[in-house]
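Chemist: need the 3D shape of this:
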Amino acid sequence: MTVFVDTSALIAFLDGEDPAHGVCREAWRHAVLKAEGLVTTDYVLVEAVAVAQRRWGLEAARTLVDEYLPLIEVGSVSPEDRVAALGTLFTAGRRHLSLVDCVSFTVMRRLGIREYLGLDPHFEELGFTRFAPAG
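Modeler: Numbers count the residues shown, from 1 in each chain. From the prediction side, this is the model:
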């Protein structure tokens, strides 16, 4: 199974004080060992680097890029995915649902991915399953 990596997981990996840090790191370790692949989008990459740089500086962004990204296939969002995601965003009409999330949902559906590594409850609201270590 392929697992989609969300911004929320990448940020929790970097933030040792985040209450979900340990759970996310364990899920990450398990996903790297057991999943057929880890994927994300260039939108998630841009968002995660921006958040890391704003919160902790360029070294945190560099850690994200150097330590985590080599293990994730980063796909470019197509114009069709972007149009579909904008439609989802505007149809949902929810202030706290982001375009990056809607792009993630669109790409996951297109690729047939059901599981995600992250903390964002919007994924589960839309029928996806949070990846967690077995046991």
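Chemist: CA only for contacts and neighbour counts going forward, please
Modeler: OK.
Chemist: find the least confident helix or strand in this structure, judged by mean pLDDT.
Modeler: helix 21-34 (a mean of 85; mean pLDDT, DSSP states H and E).
Chemist: which other helices and strands contact that helix?
Modeler: Secondary-structure packing of helix 21-34 (3 or more Cα pairs under 8 Å, 6 or more residues apart in numbering; DSSP states H and E): helix 7-14, strand 115-117.
Chemist: and the average pLDDT for stretch 85-95 is what?
Modeler: Regarding stretch 85-95, the rounded mean pLDDT is 91.
Chemist: pull the CA atoms of the following helix or strand past the least confident helix or strand of the chain into CSV?
Modeler: Once helix 21-34 ends, the next helix or strand along the chain (criterion: DSSP states H and E) is strand 37-41. What follows is strand 37-41, C-alpha atoms only, in CSV (Å, rounded to 0.1, in the frame of the first residue of the first chain):
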residue,chain,number,x,y,z
GLY,A,37,5.8,3.9,-1.1
LEU,A,38,5.4,7.3,0.4
VAL,A,39,4.0,10.1,-1.7
THR,A,40,3.1,13.7,-1.4
THR,A,41,2.6,16.8,-3.6
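Chemist: show me where this structure has helices.
Modeler: Ranges of helices within the chain are 7-14, 21-34, 42-56, 58-63, 79-92, 99-111, 121-125, based on DSSP state H.
Chemist: so what touches the longest one?
Modeler: Residues lying outside helix 42-56 but in contact with it, judged by Cα atoms under 8 Å, 6 or more residues apart in numbering, are 6-8, 10-11, 14, 58-61, 64-65, 74-77, 100, 103-104.
Chemist: filter those residues to the buried ones?
Modeler: Buried by 16 or more other Cα atoms under 10 Å: 6-8, 10-11, 14, 60-61, 64, 74, 77, 100, 103-104, out of the contacts of helix 42-56.
Chemist: returning to what we had before: deepest of the helices of the chain, which one?
Modeler: Mean neighbour count (mean count of other Cα atoms under 10 Å) peaks for helix 7-14 among the helices of the chain, with a mean of 22.
Chemist: and it, how far from the chain's centre?
Modeler: Distance, stretch centre to chain centre, for helix 7-14: 8 Å (Cα atoms, centre = their mean, to the nearest Å).
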